[in-house]
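Asker: Turn this into a model:
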Amino acid sequence: MKAFLMAFALALAVSEFYLAVYPSRHLALPLGFDTSWYVWRAQYVAVQGMGRLGTSLRPGHALLSSVLGSVTGLTQLRLAVVFPLLLVSVFALALGAFVRTCFGVDRMGWAVTVAVAGPLLGTTRLVGENVANLLNLALLAAALAFIGRCVGGRRGFVGAVALLVAAGLAHWLFLAVAGVAFSLSVVLALPESLRQRERGVSFLRTEAGRVGAVTAAAGVTMAATIVGILRAPFQTFEIREDPARFLPKLRTDVGQLMLPGLGPVALAGVAGLVTGKSETGGPGESRGRSRSFGLHVLLAWTVVGAVGMAYGAVTRGLPPHRFLTFVVAVPGAVALAAALLWGINWVRSWSGRRLASAIIVTGVLALALPGAAAWYWHGPDVWIDPAGLQQTATASRYVERMSPGRPVVFLVNAVGPAGVLSVPLKERLIRMALPPGRETDLHLFVGDPVDLLAGRRTTPSDHGTNEATLSYWEDVKGVLPEDPPIIILESLADDQYLQAVDTMSARVIGPGVALLRGPAPPAPLAAEPLPKPVPGQPVGLLWAGLILVLLFAAGAGWTYALAGPETPPEITWSVAPAVGAAAIMLGALVPGRLGLHLGGAAGVVIYAVVTLAGFGAALSMRSVAGVTPTQSPHTGS
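Answerer: Numbers count the residues shown, from 1 in each chain. As a prediction, this is how the structure comes out:
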């Protein structure tokens, strides 16, 4: 129980590290550029299931968030405040489990790793921005712990494959990047594995054989899932960022790492990992196959990330800052934690535990400074326009009165703070406020109302905007012959709104909502109240604790069954939230594809079935292992 309480407390502390930004910056809506994208997709999948509107593309977050919303009763907008930040805790715990598994650190070393990894992510764009990437990395980190156990000759193969497939559901392009790192780690392990094979050891029992088998099994399963269940393309890019922003973003992200301070510390940690002196309890204590895998995968992970950064910076074909995140989150965090543990061990050997305890606190706080500075000074902004959200919510009441299946056109302009991505951002905002059942009726026209009524495209003057908005014209031109209703929102097309109202006899049917064409409502629409999803600090922490308990409960039984009863309690409780998230995602996959209402009773049933099945599997494992109910496989937990 002590290990569980420590894991729970560490996770809440990391969550609070990030949640406190809301009152400190007086924010009223969730942070992040992509927040509206995650919210509308989760809302849609919760009601309509996966398939249409591209929701079969990397649906992991939508599946998980839909089920959590059904169990907690929280709206997706409210979940968007807490859940993305809680995922940092899930990642940090999982990375602690990997270090505990592969490098043999004790409970203190595990806790230090979690405490270092959590705040460090604040220097990246994972927190509050790239939620699918963060979910993917959290599941990958847990998979690393399972692979480490598997390589060490213990149970873990099935758990590793399941976690990797779930990571693929979150973001399968970055699962492919991780797959390249795993493949490179196989190459690094191959010489010793071949020598073991010459000594009569089955190749599948060597490090290269087991890592290769896990990687191959996960890859085949993921490909079959994409093709056979999701029926989605492997390419998942919906909108492409302006390549001109790649290098500025990379420079910004590198600057936030404070490398003059963190760089030497990380290098010291690398030296400690290689020599084996970073391990709590003395050098050489945890040498073996698991440690070999840990070193190989960290090196391979770093090489793949560095090559990706170089390729992206030179060709601008890929965003290099995403690969920087890939390096910082795993090898970077492990190296910093290793350096701190080496220092703690050195101080403890000379001065005893009291001074070592002071070094722990001081070291963790010092290593948290770059993350705190980046998060609170340069962190993500709120990209949900309050006026646009309120006006869209008002207009949605008009849309709800239309007969189902009748198309409706929203006119927007191409102007906005997001540059060429401004129109997709406006589309996401509209979708977030529309009823999920009417989202398939939505079509966007980008341009002037005169052109829209004439049935022609308003061609943007610059090439980037022209390319970014062409798909909207290709979609909307097919429904224009049906004379669909046309709505213009003042906050999303201010000049066009004034033009339509002042010179084209458009009717104002609600505050900031003009109807250019279509039947008028029987009475003007009152303004919808602006949602208030951001709670006070105590309530927000309670939400985080509730979701964390749900993930622990969903994953505890499966972790016990998949990792085995001899698993150290720190590892069990560290990977349990990630395993719980994976189990929910995998359990909701087929029901979501069949169109079940994941945001209602079906979501509650799925959560209950997944959780109870996990405890059933754990009881079966306990019976097979010969552990009586009065015995605890986690001695000292």
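Asker: Identify the residues contacting Arg348.
Answerer: Contacts of Arg348 were listed using C-beta atoms under 8 Å, 6 or more residues apart in numbering, and they are Leu355, Ala356. Every residue, glycine included, has its C-beta placed from N, CA and C.
Asker: What strand or helix carries it?
Answerer: Assigned by DSSP states H and E, Arg348 belongs to helix 333-351.
Asker: Flag every buried residue along that helix.
Answerer: 333-345, 347-348 (16 or more other C-beta atoms under 10 Å).
Asker: how far does that helix sit from the chain's center?
Answerer: The chain centre lies 30 Å from the centre of helix 333-351; the measure is C-alpha atoms, centre = their mean, to the nearest Å.
Asker: That one - what's its average pLDDT?
Answerer: The pLDDT scores in helix 333-351 average 89.
Asker: just checking, next helix/strand downstream of it?
Answerer: Where DSSP H and E defines the elements, the next helix or strand beyond helix 333-351 is helix 353-378.
Asker: Go ahead and measure how far the following helix or strand past that next one is from the middle of the chain.
Answerer: Downstream of helix 353-378, the next assigned helix or strand under DSSP H and E is helix 386-400. Centroid separation between helix 386-400 and its chain, computed with C-alpha atoms, centre = their mean, is 28 Å.
Asker: Can I get helix 386-400 in CSV, CA atoms only?
Answerer: What follows is helix 386-400, C-alpha atoms only, in CSV (Å, rounded to 0.1, in the frame of the first residue of the first chain):
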residue,chain,number,x,y,z
PRO,A,386,-14.7,33.0,-26.1
ALA,A,387,-16.9,35.1,-28.4
GLY,A,388,-16.6,32.6,-31.2
LEU,A,389,-17.6,29.8,-28.8
GLN,A,390,-20.6,31.7,-27.5
GLN,A,391,-21.8,32.7,-31.0
THR,A,392,-21.4,29.2,-32.3
ALA,A,393,-23.3,27.8,-29.4
THR,A,394,-26.1,30.3,-30.2
ALA,A,395,-26.1,29.3,-33.9
SER,A,396,-26.2,25.7,-33.0
ARG,A,397,-29.7,26.1,-31.6
TYR,A,398,-30.7,27.2,-35.1
VAL,A,399,-29.0,24.2,-36.7
GLU,A,400,-30.7,21.9,-34.2
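Asker: What lies in contact with that helix?
Answerer: By C-beta under 8 Å, 6+ apart, helix 386-400 touches 28-29, 408, 410, 426, 429-430, 432-435, 438, 441, 485, 487, 489-492, 509-513, 515, 521, 525-531.
Asker: can you tell me which of those residues are in strands?
Answerer: The strands, defined by DSSP state E, take in Val408, Phe410, Ile487, Leu489, Ile509, Gly510, Val513, Leu515 from those.
Asker: Which two of those residues have the greatest separation?
Answerer: Val408 and Gly510 (14.6 Å; C-beta to C-beta).
Asker: between the buried residues of helix 333-351, which is closest to Leu10?
Answerer: Ala337 (12.9 Å).
Asker: My guess is the closest one contacts Ala117. True?
Answerer: Yes. Under the criterion of C-beta atoms under 8 Å, Ala337 makes contact with Ala117 at 6.8 Å.
Asker: Just give me the neighbour total for Thr302.
Answerer: Counted with other C-beta atoms under 10 Å, residues neighbouring Thr302 total 19.
Asker: SS state for it?
Answerer: Of the three states, Thr302 takes helix under DSSP: H, G, I helix; E, B strand; the rest coil.
Asker: pLDDT score assigned to it?
Answerer: pLDDT at Thr302 comes out at 97.
Asker: before we move on, what about Gly288?
Answerer: Reported pLDDT for Gly288: 81.
Asker: Quick check: phi and psi on the closest residue to it other than its chain neighbours?
Answerer: Spatially, and ignoring its direct neighbours in sequence, Gly288 is nearest to Gly152 (6.4 Å; C-beta to C-beta, 6 or more residues apart in numbering). Main-chain torsions, Gly152, degrees, to the nearest 10: phi -80, psi 10.
Asker: Which residues are in contact with Gly152?
Answerer: Thr101, Gly288, Arg289, Ser290, Phe293.
Asker: element containing Phe445?
Answerer: Per DSSP H and E: strand 442-446 holds Phe445.
Asker: That strand versus helix 386-400: what angle between them?
Answerer: Relative orientation of strand 442-446 versus helix 386-400 (axes from the mean of the first three to the mean of the last three C-alpha atoms, to 10 degrees): 130 degrees.
Asker: For strand 442-446, which residues meet the burial criterion?
Answerer: Applying 16+ other C-beta under 10 Å to strand 442-446 flags Leu442, His443, Leu444, Phe445, Val446 as buried.
Asker: Report all helices and strands that the next helix or strand after it contacts.
Answerer: With elements assigned by DSSP H and E, the helix or strand that comes after strand 442-446 is helix 449-454. Taking 3 or more C-beta pairs under 8 Å, 6 or more residues apart in numbering; DSSP states H and E as contact, the helices and strands that helix 449-454 lies on are strand 408-412, strand 486-489, helix 494-503, strand 513-517.
Asker: ranking these by burial, who's on top?
Answerer: Neighbour counts (mean count of other C-beta atoms under 10 Å) averaged over each of those peak at strand 486-489, with a mean of 27.
Asker: mind listing what it pairs with, with the direction of each?
Answerer: strand 408-412 (parallel), strand 513-517 (antiparallel) (DSSP bridges).
Asker: Need the residues that contact the host helix or strand of Ala617.
Answerer: Element membership for Ala617, per DSSP H and E: helix 601-625. By C-beta under 8 Å, 6+ apart, the surrounding residues in contact with helix 601-625 are 46, 66-67, 69-71, 550, 553-562, 564-565, 580, 583-584, 587-588, 591, 596-598, 633.
Asker: can you map out the helices along the stretch 1-150 of the chain?
Answerer: Along the stretch 1-150 of the chain, counting by DSSP state H, counting those that start in this stretch, helices occupy 2-19, 21-25, 35-48, 60-72, 76-103, 107-120, 131-151.
Asker: would you list the ones you listed in JSON lines and tack on distance to Gly379, mean neighbour count and mean pLDDT?
Answerer: Putting the helices of the stretch 1-150 of the chain into JSON lines (distance: least, C-beta to C-beta, whole Å; neighbours: other C-beta atoms under 10 Å; pLDDT from 0 to 100) gives the following:
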{"stretch": "helix 2-19", "distance to Gly379": "9", "mean neighbour count": "20", "mean pLDDT": "96"}
{"stretch": "helix 21-25", "distance to Gly379": "6", "mean neighbour count": "15", "mean pLDDT": "95"}
{"stretch": "helix 35-48", "distance to Gly379": "13", "mean neighbour count": "25", "mean pLDDT": "95"}
{"stretch": "helix 60-72", "distance to Gly379": "20", "mean neighbour count": "26", "mean pLDDT": "97"}
{"stretch": "helix 76-103", "distance to Gly379": "11", "mean neighbour count": "29", "mean pLDDT": "97"}
{"stretch": "helix 107-120", "distance to Gly379": "12", "mean neighbour count": "26", "mean pLDDT": "96"}
{"stretch": "helix 131-151", "distance to Gly379": "14", "mean neighbour count": "29", "mean pLDDT": "97"}
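Asker: No more questions from me, cheers.
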